[in-house]
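# Provide a 3D model corresponding to the input given below.
(one chain, ligands or ions: 1)
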Amino acid sequence: MWRMNTCREIAATLTTPGKGILAADESIATMSARLEKAGVTPTADSRRTYREILASTPGLSDGVSGIIFCEETLTQVFSDGRPFAQAVRDLGMLPGIKVDTGAKPCPGLAGETVTEGLDGLPARLARYAQMGAAFAKWRAVFTITETTPTWAAMACNANALARYAAACQEAGLVPIVEPEVLMTGSHSIARCAEVTASVHAAVRQQLSLLRVDLAGIVLKPNMVIEGEDHAIQADAEQVAEATVSVLRAWPAELAGVAFLSGGQSPRRATANLTALQAHRTPWPLTFSFGRALVSPALQAWRGDETRVGAAQEALATHVAANAAALRLRGELQPA
Ligand code: 5MM
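Coordinates of the predicted model:
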């Protein structure tokens with residue numbers, strides 16, 4: 001029971017009004033590719049330096065409640081020798097860890113993936129908790145085509161997400177549950193709404209079967225949005241309306257919703273987050289952006305130690321813009 005209370009308290013902290021979550025949990029492969037593209041040689045130390053620059057941004061905790069890292073970062077230390085988890089807590093934020101091992105081809109379902117990482121998960125979670133992690137993250141991905149995602153892919157991924165969430169709560173870690181319907185493709189916003197609703201229904205069913213306490217999880221969904229190759233771009237009000245319509249199926253006890261940015265430009269992600277605040281919902285609607293927050297910072301830094309201040313300023317600016325969007329919640333909602 002104490003673990004359930006712990007999870008509820010951590011989930012409430014993560015979804016504190018006016019704050020969001022920073023996703024800095026790129027796998028070694030993804031992070032290395034992004035560093036290389038920015039002209040930085042990818043090594044364990046350049047990945048460490050980059051994450052320290054992000055986490056130590058002055059004032060970050062004004063708009064960020066928690067930071068998600070990958071396992072490599074959680075085993076690393078700040079340049080003053082403090083382990084990342086400790087340093088982030090000292091800075092007033094909660095450290096979290098991505099615990100899935102990635103989306104892998106799903107046997108039996110040609111072209112679709114299932115996210116793996118369940119083997120040995122309880123032992124890993126106990127270790128991460130001991131290292132100071134307060135929460136975890138697991139991401140399932142779904143691609144929209146004429147024939148996908150199939151019910152089978154939704155069922156497999158929803159079951160894995162629920163098993164992960166149940167294991168996290170047993171370990172006293174809050175699970176961030178991330179079912180991501182990708183923007184890849186030319187589908188309409190209506191098709192994204194239909195698929196996202198089906199994915200969420202599968203996830204809710206599995207969470208309920210495994211008795212996951214919804215007050216002790218954070219849902220991290222995609223916004224409902226057209227595919228990146230679709231001819232017409234929906235405006236922020238349309239995205240917000242479609243997104244909230246799908247989310248309404250979630251019960252009021254859910255601790256909160258923290259959106260991923262999914263490849264939207266930073267400007268569009270913030271505009272959509274702002275429009276979402278005009279909707280009255282029983283759960284807070286916040287951000288857990290990766291690229292929409294960190295891409296400008298990486299571009300500003302490019303591995304140059306004289307540009308650390310510029311990188312931190314870029315991150316702080318984008319965090320402030322999104323935190324400001326959250327603070328409009330009271331003002332934008334109808335009386
Ligand atoms: C930061 O990227 C995360 C890890 O991705 P890989 O394991 O593929 O390297 C990712 O899970 C991220 O947390 C979410 O997709 C949200 O990030 P965006 O950039 O979509 O907001």
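# where does A136 sit: helix, strand or coil?
Secondary structure for A136, judged by DSSP: H, G, I helix; E, B strand; the rest coil, is strand.
# what's the separation between it and A55?
According to Cβ to Cβ, to the nearest Å, A136 and A55 sit 18 Å apart. Yep, even glycine has a C-beta here, placed from its N, CA and C like the rest.
# more crowded one of those two?
A136 (26 against 23; other Cβ atoms under 10 Å).
# do I have it right that that one meets L94?
No - if you go by Cβ atoms under 8 Å, A136 and L94 don't touch, sitting 11.3 Å apart.
# buried ones in stretch 236-252?
Neighbour-count burial for stretch 236-252 flags A236, Q238, V239, A240, E241, A242, T243, V244, V246, L247, W250 (criterion: 16 or more other Cβ atoms under 10 Å).
# got the contact list for the last one?
Same thing as W250. H200, R204, L214, L219, V257, W283 (Cβ atoms under 8 Å, 6 or more residues apart in numbering).
# number of residues surrounding the first one?
If I follow you right, that is H200. For H200, using other Cβ under 10 Å, the count is 21.
# for the second one, same thing?
Close neighbours of R204, defined as other Cβ under 10 Å, add up to 20.
# quick check: mean pLDDT of the host helix or strand of it?
Per DSSP states H and E, R204 falls inside helix 189-209. Across helix 189-209, the average pLDDT comes to 98.
# beyond that helix, next helix or strand please.
Moving toward the C-terminus from helix 189-209, the next helix or strand (DSSP H and E) is strand 218-219.
# center of this structure - which residue?
The centroid of the chain falls nearest to S288 when counting by Cα atoms, centre = their mean (4.3 Å).
# mind listing what that residue touches?
By Cβ under 8 Å, 6+ apart, the contact set of S288 is G20, I21, L22, A23, I68, I176, V218, K220, A258, F259, L260.
# run the last query once more with 10 Å
14-15, 20-23, 25, 64-66, 68, 96, 137, 176, 178, 218-221, 256-261 (Cβ atoms under 10 Å, 6 or more residues apart in numbering).
# so how far is the ligand from it?
7 Å (Cβ to the nearest ligand atom, to the nearest Å).
# sec struct for N222, please.
N222 ends up coil, using three-state DSSP.
# hmm, stretch 296-310 in reach of the ligand?
No - if you take Cβ under 6 Å from any ligand atom as the test, stretch 296-310 misses the ligand, and the best it gets is 11.5 Å.
# got a list of contacts for that stretch?
24, 31, 34-35, 37-41, 46, 49-50, 52-54, 56-58, 266, 291, 294, 311-319.
# before we move on, the earlier item: out of the contacts of S288, which are inside strands?
Using DSSP state E, the members of the contacts of S288 that fall within strands are 20-23, 64-66, 68, 96, 137, 176, 178, 218-219, 256-259.
# alpha carbons of stretch 84-93, as CSV, please.
Extracted C-alpha coordinates of stretch 84-93, given in CSV (Å, rounded to 0.1, in the frame of the first residue of the first chain):
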residue,chain,number,x,y,z
PHE,A,84,22.9,12.2,-12.3
ALA,A,85,20.0,11.1,-10.1
GLN,A,86,21.3,12.9,-7.1
ALA,A,87,22.3,16.1,-9.0
VAL,A,88,18.8,16.3,-10.6
ARG,A,89,17.1,15.9,-7.2
ASP,A,90,19.5,18.6,-5.8
LEU,A,91,18.3,20.9,-8.6
GLY,A,92,14.7,20.4,-7.6
MET,A,93,13.5,17.9,-10.2
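# show me which residues of this protein sit near the ligand.
23, 25-27, 30, 139, 180, 260-262, 289-292.
# give the PyMOL command for selecting the buried subset of those.
In PyMOL syntax, the buried subset of these is picked out as below (16+ other Cβ under 10 Å):
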select buried, resi 23+25+26+139+180+260+261+262+289+290+291+292
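# CSV for the residues of the chain next to the ligand, including pLDDT and distance to A162?
Listed next are these as CSV, based on pLDDT from 0 to 100; distance: Cβ to Cβ, whole Å:
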residue, pLDDT, distance to A162
A23, 98, 21
D25, 98, 20
E26, 98, 25
S27, 97, 23
T30, 98, 25
R139, 98, 14
E180, 99, 16
L260, 98, 19
S261, 98, 25
G262, 98, 22
F289, 98, 25
G290, 98, 23
R291, 98, 27
A292, 98, 28
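# report the two of the residues of the chain next to the ligand separated the most.
Greatest spatial distance among the residues of the chain next to the ligand (Cβ to Cβ): S27 and A292, at 18.4 Å.
# need the overlap of contacts for A136 and L94.
Counting by Cβ under 10 Å, 6+ apart, the residues touching both A136 and L94 are I68, V174.
# ok, residues contacting stretch 314-322?
19-20, 22, 24, 53-55, 57-64, 259, 261, 266-267, 269-271, 273-274, 286-287, 289, 292-301, 307.
# ok, stretch 262-270 next?
180-184, 221-223, 225, 228, 233, 235-236, 239, 259-261, 271-273, 287, 289-296, 314, 317-318, 321-322, 324-325.
# buried sites along it?
For stretch 262-270, the neighbour count (16+ other Cβ under 10 Å) marks G262, G263, Q264, P266, R268, A269, T270 as buried.
# could you identify the most distant pair in the residues you listed?
G263 and T270 (14.4 Å).
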